[in-house]
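Asker: Attaching a predicted model along with its sequence, questions to come.
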Amino acid sequence: MLEQKTETRAEIRLPTQELRDDLPFYTKRLGFRLDSIYPADNPEVAVLSGHGLRLRIQKGASEAAGTIRILTDDPDGFAGGERVLVAPNGTRIEIDEANPPMVLPATEHAFVVRRLADQAPWVIGRAGMQYRDLVPSRLGGAMIASHIRIPDGGPVPDMVHYHKVGFQLIFCINGWVDVVYEDQGAPIRLTAGDCFIQPPEIRHRVLHASDGIEVIEIGVPAEHVTEIDHAMVLPTPHLLPEREWQGQRFVHNVGAKGAFAPFRLPGFVARDTTIDANTKGVASVMVARPDGGDTKWTKHGGDILFTFVMGGTMVLEGEGKEPFALSRGDAFVIPPGMATRYAQPSADLELLEVTLPGNPATEITG
């Protein structure tokens, strides 16, 4: 005996006053296909499908007319180029771009200090991870900086996904996390002091994390879309370390292998994570430490300069500002052209600095 297969379908029900008015609109104007209609002598229900959607248009249905959004690569060539239509049954139809270009908002520059002691709230985000916002203003939407943690380690309930971003950094400050990436081979363990650059739209999945894992994540722009890829299986069969995504390469920088050299700020040395080179100047990511020399007042000529205190203490001095005593977990943003000084650095001070674009010009002012 042949085993009978179970069929399962889903429909969205919409009301209608008169099917004969709606059918030409949905089939001829919007390109839906009529799948069934009944009863034959006086139709009250029509089922249509198209554009990944199945509609049940029913006379006398109690639901509101609702809104259907149709996304297409050719919105000007769909439905005569109209972007908003209203069906005879009252349903609003919105036509939009299937893959709109990413918009990078102009940076709204501001001097920002975010201290861990100020009890900034942790919120539950994607895959059950806890997020703490390090730049609440998002600099007008130009960037987002998050302190992310998973208190209880183990398998992470993640799916293969990608982000529509211009730049994205993952820097581990405590514990470890295993992540698998498209065309980068077997899962990679990121440990404290290491970082990933996730190029735009590279597929990846978080697998496992240690107890107390903490990372800093920087994204540009602040609002960006995360898409789930249901088709791709990771790891992929190919190892392509030289592949580029929108001009950027995947980077796994191991902190323990880095060397420190003179930094742009007097009184500090820094470890280059190679991100400036691998993003072709989109951003640079440096780990800075005091070298025992005198610190100076400086100004930078970049766009975004974000710093997170990974360890130790310092006093951030800024022109026209009261000094801020900073310690582990604190973060700050310095706008271009503002004079600042990193005073009284402790011997164990360690800073994560992210700048966009990479390697900003720096002027010593005093």
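Answerer: Okay, I see it.

Asker: Could you use CA atoms for every contact and neighbour count after this?
Answerer: Noted.

Asker: so where do the helices sit in the chain?
Answerer: 19-24, 275-278 (DSSP state H).

Asker: Kindly export stretch 148-159 (C-alpha atoms) in PDB.
Answerer: This file holds the C-alpha atoms of stretch 148-159, laid out as PDB (Å, rounded to 0.1, in the frame of the first residue of the first chain):
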ATOM      1  CA  ILE A 148      27.000  41.500  24.100                       C
ATOM      2  CA  ARG A 149      27.100  38.700  26.600                       C
ATOM      3  CA  ILE A 150      25.800  35.200  27.100                       C
ATOM      4  CA  PRO A 151      25.900  34.400  30.900                       C
ATOM      5  CA  ASP A 152      25.300  30.600  30.500                       C
ATOM      6  CA  GLY A 153      27.400  29.000  27.800                       C
ATOM      7  CA  GLY A 154      26.600  26.000  25.600                       C
ATOM      8  CA  PRO A 155      25.000  25.700  22.200                       C
ATOM      9  CA  VAL A 156      23.600  28.900  20.800                       C
ATOM     10  CA  PRO A 157      20.200  28.700  19.100                       C
ATOM     11  CA  ASP A 158      21.300  30.500  15.900                       C
ATOM     12  CA  MET A 159      20.600  30.000  12.200                       C
END
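
Asker: any idea of the mean pLDDT in it?
Answerer: Averaged over stretch 148-159, pLDDT sits at 88.

Asker: In that stretch, which residues are buried?
Answerer: Residues 148-150, 153, 156, 159 are the ones in stretch 148-159 that count as buried (16 or more other C-alpha atoms under 10 Å).

Asker: now stretch 231-250
Answerer: For stretch 231-250, by 16+ other C-alpha under 10 Å, it's 234-236, 248-250.

Asker: and it, C-alpha only, in PDB?
Answerer: Coordinates of each C-alpha in stretch 231-250 appear next as PDB, following Å, rounded to 0.1, in the frame of the first residue of the first chain:
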ATOM      1  CA  ALA A 231      19.200  27.200   1.900                       C
ATOM      2  CA  MET A 232      22.900  27.400   2.700                       C
ATOM      3  CA  VAL A 233      24.600  24.700   4.800                       C
ATOM      4  CA  LEU A 234      27.700  25.600   6.800                       C
ATOM      5  CA  PRO A 235      30.500  24.900   6.500                       C
ATOM      6  CA  THR A 236      30.600  25.300   2.800                       C
ATOM      7  CA  PRO A 237      32.800  22.800   0.800                       C
ATOM      8  CA  HIS A 238      35.200  25.500  -0.500                       C
ATOM      9  CA  LEU A 239      38.000  27.300   1.400                       C
ATOM     10  CA  LEU A 240      38.300  30.700  -0.200                       C
ATOM     11  CA  PRO A 241      40.400  33.000   2.200                       C
ATOM     12  CA  GLU A 242      41.000  35.600  -0.600                       C
ATOM     13  CA  ARG A 243      37.300  36.000  -1.500                       C
ATOM     14  CA  GLU A 244      35.900  39.500  -1.100                       C
ATOM     15  CA  TRP A 245      32.300  40.600  -0.200                       C
ATOM     16  CA  GLN A 246      31.700  44.100  -1.500                       C
ATOM     17  CA  GLY A 247      35.400  44.800  -1.500                       C
ATOM     18  CA  GLN A 248      36.100  43.400   2.000                       C
ATOM     19  CA  ARG A 249      37.700  40.200   3.200                       C
ATOM     20  CA  PHE A 250      36.900  38.100   6.100                       C
END
